[in-house]
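1. Any chance you can model this:
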Amino acid sequence: MKKIFFSLVFSITLILTGVLLISSAEVESSSEEAGSGELIINSNASDPAPKAAWEQVVNAFQAAYPDIDVQFNTFDHEAYKTNIRNFLVSSPPDIALWFAGNRMKFFVDQGLLEDVSDVWEEAGLKESMASTLSVMTIDGKQYGVPYGYYQWGVYYRKDIFDQYGLSVPTTWDEFLAVCATLKSNGITPISIGTKFLWTAAGWFDYLNLRINGLDYHLSLTDGDASYLDSELDQVFDEWAKLVDNGYYLENHATYSWQEAQAPLINGSAAMYLIGNFIVPDLDSAGVVDNIGFFQFPKINPDLPFYEDAPTDTAHIPSGAKNKANARLFLKFFADPSNIGTIAEAIGNLSPSKDSPAPSDRFLQAGSAMLADAAGVAQFYDRDTTPEMASKGMEQFQRFMVDTSIEQEARQIMDAERKRIFGK
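-> Numbering: from 1, shown residues only. Next up is the predicted model:
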């Protein structure tokens with residue numbers, strides 16, 4: 001299937017130019033404090049919209065600090081997840097983009113990320129970014145600065161729903177009925193690409209959060225609960241209904257998440273459970289006006305809504321050579337106007353309460369949904385250790401191809417849990 005990618009550089013440049021370039025007075029003040037030498041930034045923002053946004057803020061920083069030679073390196077998003085383990089040790093940059101949760105803690109525990117509590121104090125971030133303070137804090141210290149977080153939910157084709165008289169489902173039974181109607185009319189109910197595994201974890205997260213709640217979900221990702229627990233029986237039972245009825249995109253294991261956008265864009269599929277980062281591609285494809293968003297439906301009526309809200313972050317590696325310049329950069333992009341514009345251009349919510357309210361309707365819906373949530377998780381591969389995430393997501397994907405391997409998959413995951421966590 002042909003990948004759907006469209007350049008957003010021009011439109012994002014128009015958005016960012018007026019906001020990210022600081023005034024001449026601020027430049028003059030900043031230049032007096034500016035360092036000199038180099039600043040090396042490694043980025044995983046390889047998709048068009050995030051890449052353009054980061055390039056713009058880097059250019060603005062370079063203009064503010066002309067004596068600093070900035071080197072901005074962009075890596076493929078998936079390859080970055082593997083390469084970061086190597087370059088943090090062998091050739092650490094001065095800034096590395098990454099993720100909050102266990103993904104950050106994993107490197108903190110190895111002594112590979114710098115304590116930047118001073119940046120939080122000097123820039124007043126504990127007040128302006130109070131909502132994300134906890135996910136950036138380990139043992140009372142902050143180890144990075146967030147640049148955005150975002151909602152997960154179901155993005156759907158409004159025109160297809162209208163064509164078949166479908167209403168947005170609010171309960172699981174309603175959701176299954178919507179899937180059945182779509183399937184009977186030759187429409188793939190749910191698009192997904194599980195080639196890179198993590199998208200399968202989104203379905204596990206939401207089914208577990210809706211059936212068992214946040215505390216149990218986090219006890220599982222922390223290694224305390226077992227993948228053989230009876231609590232997970234219903235999770236896999238409900239998941240199997242989607243697989244066995246053919247509600248997922250056929251051959252999804254051969255598609256990346258980007259490639260799986262195509263059926264939603266061309267109207268052969270009706271729904272996609274994904275993060276808000278999908279919106280720029282839908283916009284550039286010219287179908288965004290036909291796209292709606294709804295919260296993952298309730299399953300257990302006795303539970304409140306818990307959501308996935310992954311937080312994207314920037315860090316100073318402990319082995320960085322230009323830490324003073326790196327601290328200048330963290331403070332620069334953490335400015336409420338700058339970080340708000342970056343976040344919206346990427347499809348994120350700003351972690352700063354002082355940023356302008358989002359104008360995008362999807363971000364407005366996500367902001368309201370997360371504000372009402374009883375609690376949030378980061379995402380399966382950010383809430384558990386990298387090794388457990390890899391092993392778990394392999395089995396999630398296998399299950400989504402063939403539900404008959406459920407018990408085998410759960411036994412494999414639990415054996416890995418015991419080995420990795422020693423519990």
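2. Only the buried residues of the one helix or strand residue 326 maps to, if you could.
-> Assigned by DSSP states H and E, residue 326 belongs to helix 323-333. By neighbour count with 16 or more other C-beta atoms under 10 Å, helix 323-333 contains the buried residues 323, 325, 326, 327, 328, 329, 330, 331, 332, 333. Quick note: C-beta positions are derived from backbone N, CA and C, even for glycine.
3. Residue nearest the middle of this structure, spatially speaking?
-> residue 310 (4.5 Å; C-alpha atoms, centre = their mean).
4. mind listing what the closest residue to it other than its chain neighbours touches?
-> Excluding the flanking residues, the one nearest residue 310 by C-beta to C-beta, 6 or more residues apart in numbering is residue 379, at 4.6 Å. Counting by C-beta atoms under 8 Å, 6 or more residues apart in numbering, residue 379 touches 101, 152, 198, 201, 202, 205, 308, 310.
5. in the protein, which helix or strand is least confident?
-> helix 24-33 (a mean of 34; mean pLDDT, DSSP states H and E).
6. Throw the contacts of residue 379 into TSV and include distance to residue 169, thanks.
-> Shown next, in TSV, are the contacts of residue 379 (distance: C-beta to C-beta, whole Å):
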residue	distance to residue 169
101	29
152	16
198	24
201	22
202	17
205	18
308	18
310	24
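7. In strands, which of the residues you listed fall?
-> 152, 308 (DSSP state E).
8. got CSV for the contacts of residue 379, with pLDDT and distance to residue 286 too?
-> Listed next are these as CSV, based on pLDDT from 0 to 100; distance: C-beta to C-beta, whole Å:
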residue, pLDDT, distance to residue 286
101, 89, 35
152, 97, 24
198, 97, 27
201, 98, 30
202, 98, 26
205, 98, 31
308, 97, 28
310, 95, 27
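9. could you say what helices and strands the helix holding residue 326 packs with?
-> Applying 3 or more C-beta pairs under 8 Å, 6 or more residues apart in numbering; DSSP states H and E, one finds that helix 323-333 makes contact with strand 37-43, helix 48-64, strand 95-99, helix 117-122, strand 145-149, helix 336-346.
10. Could you dump the ones you listed into CSV and include mean pLDDT, distance to residue 135 and mean neighbour count?
-> Shown next, in CSV, are those (pLDDT from 0 to 100; distance: least, C-beta to C-beta, whole Å; neighbours: other C-beta atoms under 10 Å):
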stretch, mean pLDDT, distance to residue 135, mean neighbour count
strand 37-43, 97, 20, 20
helix 48-64, 90, 20, 21
strand 95-99, 97, 10, 25
helix 117-122, 97, 13, 16
strand 145-149, 95, 8, 26
helix 336-346, 86, 16, 23
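11. Now render these as JSON lines, adding distance to residue 366.
-> Listed next are the helices and strands packed on helix 323-333 as JSON lines, based on distance: least, C-beta to C-beta, whole Å:
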{"stretch": "strand 37-43", "distance to residue 366": "23"}
{"stretch": "helix 48-64", "distance to residue 366": "16"}
{"stretch": "strand 95-99", "distance to residue 366": "18"}
{"stretch": "helix 117-122", "distance to residue 366": "25"}
{"stretch": "strand 145-149", "distance to residue 366": "9"}
{"stretch": "helix 336-346", "distance to residue 366": "11"}
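12. Select, out of the ones you listed, the one closest to residue 164.
-> Across the helices and strands packed on helix 323-333, the minimum distance to residue 164, taken as C-beta to C-beta, is reached by helix 48-64, at 31.5 Å.
13. and residue 422, how many neighbours does it have?
-> 7 (other C-beta atoms under 10 Å).
14. And for residue 381?
-> Neighbours of residue 381 (other C-beta under 10 Å): 25.
15. Name the nearest residue to it, ignoring sequence neighbours.
-> Nearest to residue 381 is residue 389, by C-beta to C-beta, 6+ apart, at 3.8 Å.
16. residue contacts, that neighbour?
-> Listed by C-beta under 8 Å, 6+ apart, the contact partners of residue 389 are 198, 201, 380, 381, 382.
17. Pick out whichever of the residues you listed sits closest to residue 248.
-> residue 201 (14.4 Å).
18. so that closest one makes contact with residue 395?
-> No: if you go by C-beta atoms under 8 Å, residue 201 and residue 395 don't touch, sitting 10.4 Å apart.
19. Show residues contacting stretch 220-240.
-> 102, 172, 203-204, 207-208, 211-212, 216, 219, 299, 377, 380, 383-385, 388, 392, 399-400, 403, 406, 410-411, 413-414, 417, 420-421, 423.
20. What of stretch 353-369?
-> 128-131, 150-151, 153, 276, 279, 293, 295, 305, 307, 336-337, 339-340, 343-344, 347-350.
21. Buried by neighbour count: which residues of it qualify?
-> Here stretch 353-369 shows 355, 358, 360, 362, 363, 365, 366, 367, 369 as buried, counting by 16+ other C-beta under 10 Å.
22. Among these, which one sits closest to residue 258?
-> residue 362 (17.8 Å).
23. Just the local confidence number for that closest one, please.
-> Note on residue 362: pLDDT of 96.
24. Taking helix 336-346 as reference, get the angle to the host helix or strand of it.
-> If you go by DSSP H and E, residue 362 is part of helix 361-372. If you take axes from the mean of the first three to the mean of the last three C-alpha atoms, to 10 degrees, helix 361-372 sits at 110 degrees to helix 336-346.
25. Return helix 361-372 as PDB; C-alpha atoms alone will do.
-> Below are the C-alpha coordinates for helix 361-372, written out as PDB (Å, rounded to 0.1, in the frame of the first residue of the first chain):
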ATOM      1  CA  ARG A 361     -11.000  21.100  17.300                       C
ATOM      2  CA  PHE A 362      -9.300  17.800  17.900                       C
ATOM      3  CA  LEU A 363      -7.000  19.300  20.500                       C
ATOM      4  CA  GLN A 364      -9.900  21.100  22.100                       C
ATOM      5  CA  ALA A 365     -11.800  17.800  22.400                       C
ATOM      6  CA  GLY A 366      -8.700  16.100  23.700                       C
ATOM      7  CA  SER A 367      -8.000  18.800  26.300                       C
ATOM      8  CA  ALA A 368     -11.600  18.500  27.600                       C
ATOM      9  CA  MET A 369     -11.400  14.700  27.700                       C
ATOM     10  CA  LEU A 370      -8.200  14.600  29.600                       C
ATOM     11  CA  ALA A 371      -9.300  17.300  32.000                       C
ATOM     12  CA  ASP A 372     -12.200  15.100  32.900                       C
END
